[in-house]
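Trainee: Have a look; sequence and predicted model below, questions after that.
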Amino acid sequence: MVSRRSCNFYENVEEGLQNPALTEQVMDIEDLVKLSKDHATCPYYLSRGLHHTAELVFLPYNYVIDAVARRSMSLQLEGSILLFDEAHNLV
């Protein structure tokens with residue numbers, strides 16, 4: 001549906017990225033889903049757009065370690081501080 005541009009929730013993401021109700025507050029995953037439902041936008045694609053301006057992002061460590069995953073999310077780590085919880089799982 002995204003590739004055919006027929007998903008209304010996906011189509012509302014750009015508008016959501018301009019909406020202060022969605023961009024100017026601290027959110028956890030539950031908040032993101034609730035606000036996305038309230039504003040009829042896709043929480044997945046909204047979070048992908050919002051991470052570029054976030055000061056703090058929590059995500060599974062494999063998203064940071066795996067170069068393919070980093071590229072798919074356009075993660076830029078230069079100048080960032082990385083904290084790993086449960087680092088004993090890292091090779």
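Mentor: The structure has been received and is ready for your questions. Residues are numbered from 1 along each chain as shown.

Trainee: quick one: the helices in the protein?
Mentor: With helices called from DSSP state H, the chain shows them at 8-11, 13-17, 20-23, 29-38, 43-50, 61-65, 67-72.

Trainee: Check those helices for me and report the most buried one.
Mentor: helix 43-50 (a mean of 19; mean count of other Cβ atoms under 10 Å). For glycine as for every other residue, the C-beta is placed from the backbone atoms N, C-alpha and C.

Trainee: Tell me the helices and strands packed up against it.
Mentor: Contact here means 3 or more Cβ pairs under 8 Å, 6 or more residues apart in numbering; DSSP states H and E; on that basis helix 43-50 packs against helix 13-17, helix 20-23, helix 29-38.

Trainee: now do 6 Å
Mentor: helix 13-17, helix 29-38 (3 or more Cβ pairs under 6 Å, 6 or more residues apart in numbering; DSSP states H and E).
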